[in-house]
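1. I need the structure of the sequence given here:
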Amino acid sequence: MRNVYKFGGIPVLVKYRGQYFGEICKEYLSEEEPLFEIMATDEDLEYERQHAEENTSYSKPYLEHTAVYRKFCEKAVNYNVVLCHGSVLEYKGEAYLFTAPSGTGKSTHTRLWREFFGNDVIMINDDKPLLRFEKDGVYAYGTPWDGKHHISCNRNAKLKAICFLHQDKENRICKIDGGDALSMLMNQIYRPRNTQGLLKTMDYVNTLIEKIPMYQMGCNMELEAAKAAYEGMR
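-> Residues are numbered from 1 along each chain as shown. Down below sits the predicted model:
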């Protein structure tokens, strides 16, 4: 099967075999002319299998779904788009990206925002959003690669801030400079396997550090954490 999809503002022709991909990505179908095409080979599926979490066994359709995204990100960097591991929400028309190592509590924190602020919060993506670099700023895009909770929507919003989370007994948030943010950000940005793509990604990381306010927050799992985060970044 083959269809055109639009991820991160980029129309792309995807050739795929499993119905799983078509079902998961149906909200991203596009009639625009694709800028490039991708297809996950058997070798790509094997790469994903070898790099999956320990003690996990994924089906071929799921591995294809993951492999397609990796191949997309390898090329998307040439079109001003990068993948950032994190949970991003929209509140009052602005996007806030929360990132941290897996298992830290990103999804829990953004759930607290939804509970505290209610329907004013829209989840853009809970795991693997795309960041698109435009002349007037950076925009966070939803994708169908949205983590184990499958929370996302096909929309985008201008990025207001990035917050690096860690667990703490009390809620503490502070603004950090580029030197402190660099290593943490590089750990969460997808890094292409080719040198040219990696260098372009580094340029985008530098742009993020220059243009987007960065914060570090120690947070607990209480509702007040959402309020503290918003007020700290506002």
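2. drop to CA atoms for contacts and neighbour counts, all remaining ones
-> Fine.
3. Which parts of this protein are helices?
-> Using DSSP state H, the helices of the chain run over 19-24, 42-50, 60-76, 106-117, 178-186, 195-211, 224-233.
4. Dump those to TSV, plus mean neighbour count, distance to F98 and mean pLDDT.
-> Below are these laid out as TSV (neighbours: other C-alpha atoms under 10 Å; distance: least, C-alpha to C-alpha, whole Å; pLDDT from 0 to 100):
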stretch	mean neighbour count	distance to F98	mean pLDDT
helix 19-24	15	24	95
helix 42-50	15	25	95
helix 60-76	20	20	96
helix 106-117	20	6	96
helix 178-186	15	11	92
helix 195-211	16	14	96
helix 224-233	17	10	97
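5. The ones you listed: which one's closest to L130?
-> Nearest of those to L130, taken as C-alpha to C-alpha: helix 60-76 at 9.0 Å.
6. what are the pairing partners of the longest strand seen in the chain, and which direction each?
-> Ordering each strand of the chain by length in residues (DSSP state E) puts strand 156-167 first. Applying DSSP bridges to the sheet, strand 156-167 is found paired with strand 94-99 (parallel), strand 137-141 (antiparallel), strand 214-219 (parallel).
7. the inter-axis angle of it versus helix 106-117?
-> Relative orientation of strand 156-167 versus helix 106-117 (axes from the mean of the first three to the mean of the last three C-alpha atoms, to 10 degrees): 110 degrees.
8. centre of the chain versus strand 156-167, how much separation?
-> Averaging C-alpha positions (C-alpha atoms, centre = their mean, to the nearest Å) puts strand 156-167 11 Å from its chain's average.
9. quick one on the thing from earlier: closest one to M233 among the strands paired with strand 156-167?
-> Each of the strands paired with strand 156-167 has some distance to M233 by C-alpha to C-alpha; the shortest is strand 214-219, at 7.4 Å.
10. pLDDT score for the residue nearest the centre of the chain?
-> With distances taken as C-alpha atoms, centre = their mean, P129 lies nearest the centre of the chain, 2.2 Å away. Listed pLDDT for P129 reads 98.
11. can I assume it is in contact with V81?
-> No - with contact defined as C-alpha atoms under 8 Å, P129 and V81 do not form a contacting pair (10.3 Å).
12. TSV for the helices of the chain, including distance to A161?
-> Output for the helices of the chain, formatted as TSV (distance: least, C-alpha to C-alpha, whole Å):
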stretch	distance to A161
helix 19-24	29
helix 42-50	31
helix 60-76	22
helix 106-117	14
helix 178-186	12
helix 195-211	9
helix 224-233	7
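13. mind checking which of the ones you listed is nearest C153?
-> Closest to C153 of those, according to C-alpha to C-alpha: helix 19-24, at 11.6 Å.
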